[in-house]
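Novice: what's the 3D shape of this:
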Amino acid sequence: MKFMKFAAATMICCSFLFGVVFATDSVEPITLPTSSVFTWVKVKEWVKINLFTFKGTSKAGIYNGYSDRRISEMEYALEQDDEISIDRSLERFETQKQKALEYAKNAKDKGVMQRIRERTLEQQRTMTKLQLQLSNNGDLQQNVVRVQKQIAIDTKGSVEIVEGTEAAVKVETQTWVVWRDPNADVNGNLPKIENTAELEYAPGTIPGGTGGRVYEGGGKQIWAPGTSAGGSSSTQKSENVIKGNSGSSGNTQSGNTIKGTDGASGNSQSGNVVE
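Specialist: Numbering: from 1, shown residues only. Prediction:
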């Protein structure tokens, strides 16, 4: 009798959790890690992934969704001037994104991996905009950059295993593009809007119309990764330079600079510059 009561109570609790977890994920308001009720967010996510998800491809998709949630938390925390929440959400983002990539890699499902890498590019774009707005907190800014670089390395490695070298090189190049200028699409094209004040510019740059960015005292300079004006390589003043992995060479830099992932060649870049 006691066992039946326990079983019934367990089923009721599971049903309640199941309903809440799956019915409210897309509509519930953002709760920041500094909130006293954030533990409930963590419990719901744990229940969903560990008690109701069994296939590796499904776990990959759910963890990828969780990583999107962490990005939203960071954006909202920035609005609230809550740098503690940004740091905590960033840590959870890195962990959950890596789990999404690992499950997708083990499942060797190209469709799942493609969806994950597409979302990763948008997440990289958002984090680039985020770190440009954290200039008053250098440690947190560099932590965002560190995570960006690590996720780029992990994404390239997982994509190469599942989709091949060509896809891995493509996602690496696209990542560099959104690092360089978060307002550009993955092909480097800038939005055509009349009000350029809506665009964001890296430190040391000013609006140059819809076709590019203008250095202080210079002309429009938007170059593809691995090239520079007139085919020459040079170094311009950079403000925040974070050195990365080996394999990169001379890079034109401006604003916030990230030095690139293993095996990447030097890149002359404008706007938010990534080496």
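
Novice: So, low pLDDT: which residues of the stretch 101-250 of the chain?
Specialist: Low-confidence segments of the stretch 101-250 of the chain, defined by pLDDT under 70: 192-250.

Novice: Send me stretch 43-58 as PDB with only the CA atoms.
Specialist: Extracted C-alpha coordinates of stretch 43-58, given in PDB (Å, rounded to 0.1, in the frame of the first residue of the first chain):
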ATOM      1  CA  VAL A  43      16.100  21.500 -11.800                       C
ATOM      2  CA  LYS A  44      13.700  21.700 -14.700                       C
ATOM      3  CA  GLU A  45      16.600  21.500 -17.200                       C
ATOM      4  CA  TRP A  46      18.100  18.500 -15.400                       C
ATOM      5  CA  VAL A  47      14.800  16.700 -15.300                       C
ATOM      6  CA  LYS A  48      14.200  17.200 -19.000                       C
ATOM      7  CA  ILE A  49      17.600  16.000 -20.100                       C
ATOM      8  CA  ASN A  50      18.100  13.200 -17.700                       C
ATOM      9  CA  LEU A  51      14.600  11.800 -17.100                       C
ATOM     10  CA  PHE A  52      12.700  12.400 -20.300                       C
ATOM     11  CA  THR A  53      15.400  12.400 -23.000                       C
ATOM     12  CA  PHE A  54      17.100   9.200 -24.200                       C
ATOM     13  CA  LYS A  55      18.400   9.500 -27.700                       C
ATOM     14  CA  GLY A  56      21.800  11.200 -28.300                       C
ATOM     15  CA  THR A  57      20.400  13.400 -31.100                       C
ATOM     16  CA  SER A  58      17.600  14.600 -28.900                       C
END
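
Novice: what is the rounded mean pLDDT of that stretch?
Specialist: On average, the pLDDT along stretch 43-58 is 95.

Novice: quick one: what helix or strand has the closest residue to A77 other than its chain neighbours in it?
Specialist: The shortest distance from A77 to any residue other than its chain neighbours is 3.8 Å, reached at S85 (Cβ to Cβ, 6 or more residues apart in numbering). To be clear about C-beta, it is placed using only N, CA and C from the backbone, and glycine gets the same treatment. If you go by DSSP states H and E, S85 is part of helix 83-107.
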